[in-house]
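In: Return atomic coordinates for the entry below.
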Amino acid sequence: MGEPTIFKKIIDREIPATIVYEDDFCLAFEDINPQAPVHLIVIPKKEVASLDALEDADEALAGRLLLAIRKIAAQQGLGDGYRIVSNCGKAAGQEVMHLHFHLLAGRPLTWPPG
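Out: Reported below is the predicted structural model:
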């Protein structure tokens with residue numbers, strides 16, 4: 001993948017982040033530019049560029065990420081609802097080429113988004 005992304009540097013603890021969840025497969029931390037009162041980033045520890053870069057062999061990892069998001073939402077007390085967003089590619093607004101999910105909550109989330 002070339003130069004380590006900012007997310008890889010967070011995984012490796014080279015740069016600080018407010019980590020709210022971690023297991024063997026993923027990490028969740030507070031977004032530094034929050035778009036909602038709760039705005040967390042959930043990433044796999046395995047370097048995968050985007051949803052499009054997932055391979056069949058990543059099936060278990062993809063499932064673990066979704067289950068981790070559910071667990072994080074429960075730990076954060078988001079029973080009223082939350083939104084999960086994953087931008088895929090630059091045209092969709094993906095800025096960091098490391099698969100990640102935005103977990104947003106704490107305010108009314110309108111539809112359609114931007």
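In: Okay, now the unreliable bits of the chain?
Out: Filtered on pLDDT under 70, the chain yields the residue ranges 1, 114.
In: By residue count, which strand of it is the longest?
Out: Taking residue count as the measure and DSSP state E as the definition, the longest strand of the chain comes out as strand 38-44.
In: which helices and strands sit right next to it?
Out: Of the remaining helices and strands, those touching strand 38-44 by 3 or more CB pairs under 8 Å, 6 or more residues apart in numbering; DSSP states H and E are helix 6-11, strand 26-30, helix 59-75, strand 101-105. All C-beta atoms are positioned from the backbone trio N, CA, C, and that covers glycine.
In: Need the ones you listed in a markdown table (columns: mean neighbour count and distance to Arg83).
Out: Converted to a markdown table, the helices and strands packed on strand 38-44 look like this (neighbours: other CB atoms under 10 Å; distance: least, CB to CB, whole Å):
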| stretch | mean neighbour count | distance to Arg83 |
| --- | --- | --- |
| helix 6-11 | 18 | 20 |
| strand 26-30 | 20 | 15 |
| helix 59-75 | 15 | 10 |
| strand 101-105 | 21 | 5 |
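In: In a markdown table: the ones you listed, plus distance to Val38.
Out: Supplementary listing: the helices and strands packed on strand 38-44 in a markdown table, determined by distance: least, CB to CB, whole Å:
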| stretch | distance to Val38 |
| --- | --- |
| helix 6-11 | 18 |
| strand 26-30 | 9 |
| helix 59-75 | 9 |
| strand 101-105 | 4 |
